[in-house]
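Novice: The sequence isn't on hand, but the structure is:
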């Protein structure tokens, strides 16, 4: 049976207690936290998830212009590596086995220097962060985003190539079906080709809403995950269909992403799982 988690990034502005209570009500096993340590009291997080017999599956790190592992400016790269290490600390403190890492800032869609140099800098930064995380028994997973959010890694095979260059046993890759629907020729084939390198996955439909709202066929995705004996969590990361989804939520929109889509996500995917 798969294990199910939900990204707290979706519950913009909500307390950890309210989010965990909702997830417990709908049968989730864990929560994925936002990679902003200032948002959490890690002792409180441990207590809340324990009270609901749940876990922290992972940390969804946030890579912005100030956290760019591939930036030409060494000072900016250093800050990005320091951020990776802070999230590794956070992961260890809340008992999360996996943290997400991205090689370049979100929404940077072109090189600022030679692409080969930026690749090398990203590999070096992930390796330094990964070595530190290994000392805390934390795994890193390299994520691909679609072409409208990054130029560097758009497909799982590219993530595997970077993972091999990093060459650490605690570094794997992750997929996100929203991004994969844009970039992969076939989602299930990409998962199978990744094999044991795939240690984390985000699920969202083609419009980034709850599975079942868009046109993604999740049955072959789940079958591929079973075929590779995937042991990680199925983590839902769903967001409003807007260039600024958090702006939508700040204005009071996206209410369906709380109870309604949280319940639909797990119910829809579990129904497919039962049929495999």
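Specialist: That came through, no problem. All of these numbers come straight from a predicted model, not from anything done at the bench. Residues are numbered from 1 along each chain as shown.
Novice: From residue 4, how far off is residue 24?
Specialist: Counting by Cβ to Cβ, to the nearest Å, the gap from residue 24 to residue 4 is 11 Å. No exception for glycine: its C-beta is placed from N, CA and C like everyone else's.
Novice: which one of those two has more residues nearby?
Specialist: Just comparing residue 24 and residue 4: by other Cβ atoms under 10 Å the higher neighbour count belongs to residue 4, 22 against 17.
Novice: any idea whether that one is helix, strand or coil?
Specialist: Using DSSP: H, G, I helix; E, B strand; the rest coil, the three-state assignment for residue 4 comes out as strand.
Novice: what bridges to it?
Specialist: Here residue 4 sits in beta bridges with residue 234, going by DSSP bridges.
Novice: Could you verify my assumption that it touches residue 29?
Specialist: Yes. Using Cβ atoms under 8 Å, residue 4 is in contact with residue 29, at 5.3 Å.
Novice: Need the residues touching each of these two.
Specialist: residue 233 (Cβ atoms under 8 Å, 6 or more residues apart in numbering).
Novice: Let me see the ranges of the helices in the stretch 101-250 of the chain.
Specialist: With DSSP state H, counting those that start in this stretch as the criterion, the stretch 101-250 of the chain has helices at 115-134, 156-166, 177-183, 187-194, 218-227, 245-250.
Novice: so what does the fourth one touch, helix or strand wise?
Specialist: Helix 187-194 is packed against helix 156-166, strand 171-176, helix 177-183, helix 218-227, with contacts defined by 3 or more Cβ pairs under 8 Å, 6 or more residues apart in numbering; DSSP states H and E.
Novice: Mean neighbour count, those: which tops it?
Specialist: strand 171-176 (a mean of 24; mean count of other Cβ atoms under 10 Å).
Novice: Residues contacting stretch 205-225, please?
Specialist: Counting by Cβ under 8 Å, 6+ apart, residues outside stretch 205-225 touching it are 2, 177-178, 181, 187-189, 191-192, 201, 203-204, 234, 236, 238-241, 245, 257, 260-262, 264-265, 268-269, 272-273, 275-276.
Novice: that older thread, tabulate the helices and strands packed on helix 187-194 (a markdown table), appending mean pLDDT and distance to residue 150.
Specialist: Listed next are the helices and strands packed on helix 187-194 as a markdown table, based on pLDDT from 0 to 100; distance: least, Cβ to Cβ, whole Å:
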| stretch | mean pLDDT | distance to residue 150 |
| --- | --- | --- |
| helix 156-166 | 98 | 10 |
| strand 171-176 | 98 | 12 |
| helix 177-183 | 97 | 9 |
| helix 218-227 | 98 | 22 |
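Novice: could I get these as a markdown table with distance to residue 87?
Specialist: What follows is the helices and strands packed on helix 187-194, written out as a markdown table (distance: least, Cβ to Cβ, whole Å):
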| stretch | distance to residue 87 |
| --- | --- |
| helix 156-166 | 16 |
| strand 171-176 | 14 |
| helix 177-183 | 20 |
| helix 218-227 | 25 |
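Novice: Just the mean pLDDT for stretch 190-200, thanks.
Specialist: For stretch 190-200, the mean pLDDT works out to 98.
Novice: quick one: terminal-to-terminal distance for it?
Specialist: Start-to-end span of stretch 190-200 (Cα to Cα, to the nearest Å) is 14 Å.
Novice: And it, what's buried?
Specialist: By 16 or more other Cβ atoms under 10 Å, the buried positions in stretch 190-200 come out as 190, 191, 192, 193, 194, 197, 198, 199, 200.
Novice: now, among these, which is nearest to residue 14?
Specialist: When the buried residues of stretch 190-200 are ranked by distance to residue 14 (Cβ to Cβ), residue 200 comes first, at 22.7 Å.
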